[in-house]
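Colleague: Provided below are the primary sequence and the corresponding predicted coordinates.
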Amino acid sequence: MAKVPVRFTLNGSEKAEFIESGATLLHALRDKIGDTSPKGGCHQGTCGACSVIIDGELRLSCLTLAETCDGADIRTISGLAAGGVLHPLQRAFLDAFATQCGFCTPGMIMAAKVLLDRTPNPSRDEVVEALSGNICRCTGYEPIIQAVLTAARANSQNAA
Amino acid sequence: MALALQTFSTVKDANAALQAAGTRYLGGGTLVVRAANEGDVSVSSLVRATEPALSTIAVAGDRARLGASITMAAIARHPELAWLAPAARAVGGPAIRNMASVGGNLFAPAPYGDFAVALLALDATVITEDGEAPIETFLAGRDTSRSIVTSVTFALPRPQSFRFLKVSRVKPKGVSVLSIAALLQRTEDGTITSARIAFGCMADRPMRARATEKALLGCRLTPEEIAPALAAANQGIAPITDPVASAWYRAEVLPVHLGRLLLA
Ligand SMILES: Cc1cc2nc3c(=O)[nH]c(=O)nc-3n(C[C@H](O)[C@H](O)[C@H](O)COP(=O)(O)OP(=O)(O)OC[C@H]3O[C@@H](n4cnc5c(N)ncnc54)[C@H](O)[C@@H]3O)c2cc1C
Ligand code: FES
Ligand code: FES
């Protein structure tokens, strides 16, 4: 299979790779670049475990072809903690027991991050809507929703 | 996955490449890449076009034009398309809506195609490299279409004349049990003078509800007056059966939801 050059920014670092034409971004991130934080659950767009942020928008890396990301800014959860300090969402997920097996967590947190970046004080319904493309088999969702609301409150207190 | 993607800066060149066997157009990829991930070997090559016109929304005068690459998320946040936002927001969760395109939704088999249901009620025109076609004609021939859709256009409806409803079992974002779009023109006293109703999941693709449309003419939106239109809703339908609902269930609940939409 022909390889194509693809350049993008991953969590602030420039990447230039030769990637098989037609390979998904999930494959490129995990198997080529070694960022295994996006999880491959269904590869069908249904579970949201592979969610990443591309140019500020939540996208499914299992359905995105890597070569369409040339020039893009890509964010995964592995770039979220700054200087060894967890992001408020990561801290809230830990504190609220919103992570059990942890498989859904990277996708959940990326979906929540896009929400909080745009809507710093979301309602419960807005949180539910923002996470509606992400499946969790362990938590029953309520701790996850509470964690996102807690992180939002922490953010607004920090900003005040 | 043995796929190859070819990117062209013009629709014309992409369309020429699309004629090769085993080649499909790549919109947002939510269906076509999923099919490849699932092992669909009928697709060996994908093409896409990056022509800017494919990614523009134009609302001018009494018409709107949506480029085929426009996503559901872009429609949902467009200030002049607020009346159409419920149909765009009906398509999947947030990540899907950031990827799902207008062009791709025209090809999506039931239970998908919720946005195309809205476009059918709006009597949209589908523009391809080959020319223009009314959406109904386009949908009927979509399985053999080998021409890239570049945009859809439609007349802006009068305020409050367009309604949309998607029914799903998993809240907030399950796939459709059914979807309904209605475009109703009414006189001052509320009498219906024209009706275009479209159903999703009542066939393998969006369909017109002609018997219902006819029965609504001259009615006002009261439970008594719309009763014959609801009774006619099941005429000509062939609902799909899938894990979400059986054809029987879909047919049973169709008149109930149609009634709710009309009386809302
Ligand atoms: C988890 C999940 C949930 C979903 N939920 C919904 C839902 O609730 N409602 C709904 O309606 N749909 C839903 N979908 C289906 C799909 O996301 C949408 O229908 C979407 O609009 C398809 O657009 P796309 O650009 O992703 O299509 P693609 O996958 O890129 O393409 C689909 C087909 O259309 C053809 N095509 C695409 N664009 C063009 C064009 N411009 N010209 C010619 N051919 C073209 C492709 O070649 C392909 O055959 C869902 C999908 C997934 C994976
Ligand atoms: S792995 Fe991408 S949505 Fe499940
Ligand atoms: S914590 Fe296990 S899937 Fe969500």
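Modeller: Thanks, I have it. Ligands and ions are numbered 1, 2, ... in the order given.
Colleague: Any part of stretch A:38-57 near ligand 1?
Modeller: Yes. Judged by Cβ under 6 Å from any ligand atom, stretch A:38-57 comes into contact with ligand 1 through A:G45, A:T46. For glycine as for every other residue, the C-beta is placed from the backbone atoms N, C-alpha and C.
Colleague: ugh, typo on my part, it should be stretch B:35-49
Modeller: No. On the criterion Cβ under 6 Å from any ligand atom, stretch B:35-49 is out of touch with ligand 1, staying 7.7 Å away.
Colleague: Please save the CA atoms from that stretch in PDB.
Modeller: Extracted in PDB, the C-alpha atoms of stretch B:35-49 (Å, rounded to 0.1, in the frame of the first residue of the first chain):
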ATOM      1  CA  ALA B  35     -17.900  -0.100   6.200                       C
ATOM      2  CA  ALA B  36     -14.200  -0.500   5.400                       C
ATOM      3  CA  ASN B  37     -13.400  -1.100   9.100                       C
ATOM      4  CA  GLU B  38     -16.000  -3.800   9.100                       C
ATOM      5  CA  GLY B  39     -14.300  -5.500   6.200                       C
ATOM      6  CA  ASP B  40     -16.400  -4.400   3.200                       C
ATOM      7  CA  VAL B  41     -14.100  -5.300   0.400                       C
ATOM      8  CA  SER B  42     -16.300  -3.800  -2.300                       C
ATOM      9  CA  VAL B  43     -14.500  -0.500  -1.600                       C
ATOM     10  CA  SER B  44     -10.900  -0.400  -2.500                       C
ATOM     11  CA  SER B  45     -10.400   3.200  -3.200                       C
ATOM     12  CA  LEU B  46     -11.800   6.500  -1.900                       C
ATOM     13  CA  VAL B  47     -11.800   9.900  -3.600                       C
ATOM     14  CA  ARG B  48     -12.600  13.300  -2.200                       C
ATOM     15  CA  ALA B  49     -12.700  16.800  -3.400                       C
END
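Colleague: buried residues in it?
Modeller: Residues of stretch B:35-49 classed as buried by neighbour count (16 or more other Cβ atoms under 10 Å in any protein chain shown): B:A35, B:A36, B:N37, B:V43, B:S45, B:L46, B:V47, B:R48, B:A49.
Colleague: Farthest-apart pair in these, please.
Modeller: B:N37 and B:A49 (22.8 Å; Cβ to Cβ).
Colleague: Looking at the buried residues of stretch B:35-49, which are in strands?
Modeller: Among those, the members found in strands (DSSP state E) are B:S45, B:L46, B:V47, B:R48, B:A49.
Colleague: Make JSON lines out of the residues you listed and add pLDDT and distance to B:R63.
Modeller: Listed next are these as JSON lines, based on pLDDT from 0 to 100; distance: Cβ to Cβ, whole Å:
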{"residue": "B:S45", "pLDDT": "94", "distance to B:R63": "35"}
{"residue": "B:L46", "pLDDT": "96", "distance to B:R63": "31"}
{"residue": "B:V47", "pLDDT": "97", "distance to B:R63": "29"}
{"residue": "B:R48", "pLDDT": "97", "distance to B:R63": "27"}
{"residue": "B:A49", "pLDDT": "98", "distance to B:R63": "23"}
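Colleague: End to end on stretch A:55-72, go ahead and measure it.
Modeller: In terms of Cα to Cα, to the nearest Å, the two terminal residues of stretch A:55-72 are separated by 6 Å.
Colleague: err, stretch B:114-131, not the other one
Modeller: 24 Å.
Colleague: Give me the contact status of it with ligand 1.
Modeller: Yes. Counting by Cβ under 6 Å from any ligand atom, ligand 1 has neighbours in stretch B:114-131: B:D114, B:F115.
Colleague: Which residues are in contact with B:V91?
Modeller: Applying Cβ atoms under 8 Å, 6 or more residues apart in numbering or on different chains, we find B:V91 in contact with B:M72, B:R97, B:A100, B:N105, B:Y112, B:D114, B:F115.
Colleague: how about the third one, what does it touch?
Modeller: In other words, B:A100. B:G27, B:G28, B:T30, B:T71, B:M72, B:V91, B:G92, B:F115.
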